[in-house]
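Colleague: When you get a sec, could you give me coordinates for this:
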Amino acid sequence: MKRWQLVGKSVLGLAVLCWALAGPAWSQGRGQGFRPCPYAPYLCPTKGTCLPGEISGKITRVLTETLEEGMYPGMAVLVATKDRGQVHVHVGPVWFLERQEFELKPGDEVLIKGICFKTAAGEHLLAAQLTKGDHTLLLRDAEGHPYWEAWRKR
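Modeller: Take a look at the predicted model:
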């Protein structure tokens, strides 16, 4: 009888130890990347300036940039439009875009839907959907949550 009590207590102690050690791992973030509007997770720090937008034009330059310290490098493009001039478009993290069968290069005609915001440097767009020819790359859902984040609330 004492032997089974010892086994039961050992199993219970091991389960409590595993639970205690797993807590810090579960509390970590799900990675970095581009966030909607523009830099805080799922909220707009500049209320009233982030509006749904759509542009079409020709890519003039493809850039790699990091929005905040500690974030993964992200891809951005400069798009020349007829009505707005040059628009800076944040596309998404490089590691995510490299895994898609979708290449962007200067001279490509694109249609981009996303969230517009203005800064002192000019007009910017966070891409949610990018269409080139007959191919469409989905980057964010209707609420602006990036598709490269695995866990989503329904």
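Colleague: any residues touching the lengthiest strand in the chain, and which ones?
Modeller: When the chain is parsed with DSSP state E, its longest strand is strand 51-65. Defining contact as CB atoms under 8 Å, 6 or more residues apart in numbering, one finds that strand 51-65 is touched by 73-82, 84, 86-87, 89, 94, 104-117, 125. To be clear about C-beta, it is placed using only N, CA and C from the backbone, and glycine gets the same treatment.
Colleague: all strands of the chain, in order?
Modeller: Going by DSSP E, the chain shows strands at 51-65, 74-81, 85-93, 109-119, 122-132, 135-138.
Colleague: could I get the ones you listed as a markdown table with mean pLDDT?
Modeller: As requested, the strands of the chain are arranged in a markdown table below (pLDDT from 0 to 100):
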| stretch | mean pLDDT |
| --- | --- |
| strand 51-65 | 91 |
| strand 74-81 | 93 |
| strand 85-93 | 90 |
| strand 109-119 | 86 |
| strand 122-132 | 87 |
| strand 135-138 | 93 |
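Colleague: Now for residue 68, how many residues are close by?
Modeller: Residue 68 sits with 10 neighbouring residues when counted by other CB atoms under 10 Å.
Colleague: Quick check: pLDDT value at it.
Modeller: Listed pLDDT for residue 68 reads 77.
Colleague: same thing with residue 142?
Modeller: 77.
Colleague: Give me the mean pLDDT for the longest helix seen in the chain.
Modeller: Ranked by residue count and defined by DSSP state H, the top helix of the chain is helix 2-26. For helix 2-26, mean pLDDT rounds to 77.
Colleague: and it, how far from the chain's centre?
Modeller: Taking CA atoms, centre = their mean, to the nearest Å, one finds helix 2-26 lying 38 Å from the centre of the chain it belongs to.
Colleague: Ok, stretch 59-67 next?
Modeller: That offset, for stretch 59-67, works out to 15 Å (CA atoms, centre = their mean).
Colleague: How about stretch 61-74?
Modeller: 11 Å.
Colleague: ok, back up a step: out of the strands of the chain, which comes closest to residue 12?
Modeller: strand 85-93 (42.5 Å; CB to CB).
Colleague: Strand 51-65 and the closest one, what's the angle between them?
Modeller: For strand 85-93 against strand 51-65, the angle by axes from the mean of the first three to the mean of the last three CA atoms, to 10 degrees is 70 degrees.
Colleague: For the closest residue to residue 82 other than its chain neighbours, list each beta-bridge partner.
Modeller: Nearest residue to residue 82, sequence neighbours excluded (CB to CB, 6 or more residues apart in numbering): residue 57, at 6.9 Å. Beta-bridge partners for residue 57, by DSSP bridges, are residue 110.
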